[in-house]
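J.: make a model of this:
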Amino acid sequence: MIEEESQRSLQRIFNKSVRHCIKQGERCMSAKSKKTCAYYNDGKRCAIGGAVDVEIAQKLEHEFSGKGLDAGAVAYEIHSAVCDALGISPTATNLDFLSDLQSAHNNATDEIFEKSFLIRVGRVAERYDLEMPTLS
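T.: The predicted structure is shown next:
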């Protein structure tokens, strides 16, 4: 069970990220490789990038681009930096949440991005007992 204050923080981050990604309408892809997602590129941001200020997303892209999110130590470092930027503690739950949110973005299908992304973030919402945000 997630503490009430932490739950509110996750809901706030989730809402901001989901609304950002739906408004953007597509994944944020790396300028170097159109097959790799990026935190920030050409005015676009990923799910994590959409939850933080633009300057933070740019910094994440600059510092961590090309290091690979799948590497455990790098993912921990990235998500810890995001926790700091969002003002939340880097607890196991918060780090897992950020990883799940990022995976929803990274694994969404480009051709049907909105539908694919919403299915994936719906699973994130269920896992963390969050409400889907209104999108209008």
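J.: ok now the lowest-mean-pLDDT helix or strand in the chain, how far from the chain's centre?
T.: Using mean pLDDT, DSSP states H and E, the weakest-scoring helix or strand in the chain turns out to be helix 72-86, at a mean of 83. Relative to the mean C-alpha coordinate of its chain, helix 72-86 is positioned 11 Å out (Cα atoms, centre = their mean, to the nearest Å).
J.: list the buried ones in it?
T.: A75, I78, H79, A81, V82, C83, A85, L86 (16 or more other Cβ atoms under 10 Å). C-betas here are computed from N, CA, C, even on glycine.
J.: including distance to L135, could those residues go into TSV?
T.: Listed next are the buried residues of helix 72-86 as TSV, based on distance: Cβ to Cβ, whole Å:
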residue	distance to L135
A75	28
I78	27
H79	25
A81	28
V82	23
C83	26
A85	24
L86	21
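J.: go through these and name the one nearest V18.
T.: Nearest to V18 among the buried residues of helix 72-86: L86, at 14.8 Å, using Cβ to Cβ.
J.: quick check: chain neighbours aside, which residue is closest to that closest one?
T.: Among residues not flanking L86 along the chain, I13 sits closest, at 6.0 Å (Cβ to Cβ, 6 or more residues apart in numbering).
J.: ok, for Q24, nearest residue in space, not its chain neighbours?
T.: K44 (5.9 Å).
J.: hmm, that neighbour is touching C28, no?
T.: Yes: the criterion here is Cβ atoms under 8 Å, and K44 meets it with C28 at 4.0 Å.
J.: what is in contact with those two at once?
T.: Here K44 and C28 have A38 as joint contacts, going by Cβ atoms under 8 Å, 6 or more residues apart in numbering.
J.: if you count surrounding residues, which of the two has more?
T.: Neighbour tally, K44 and C28, criterion other Cβ atoms under 10 Å: the higher count belongs to C28, 25 against 19.
J.: one step back: and the residue nearest to L86, how many neighbours?
T.: Neighbours of I13 (other Cβ under 10 Å): 25.
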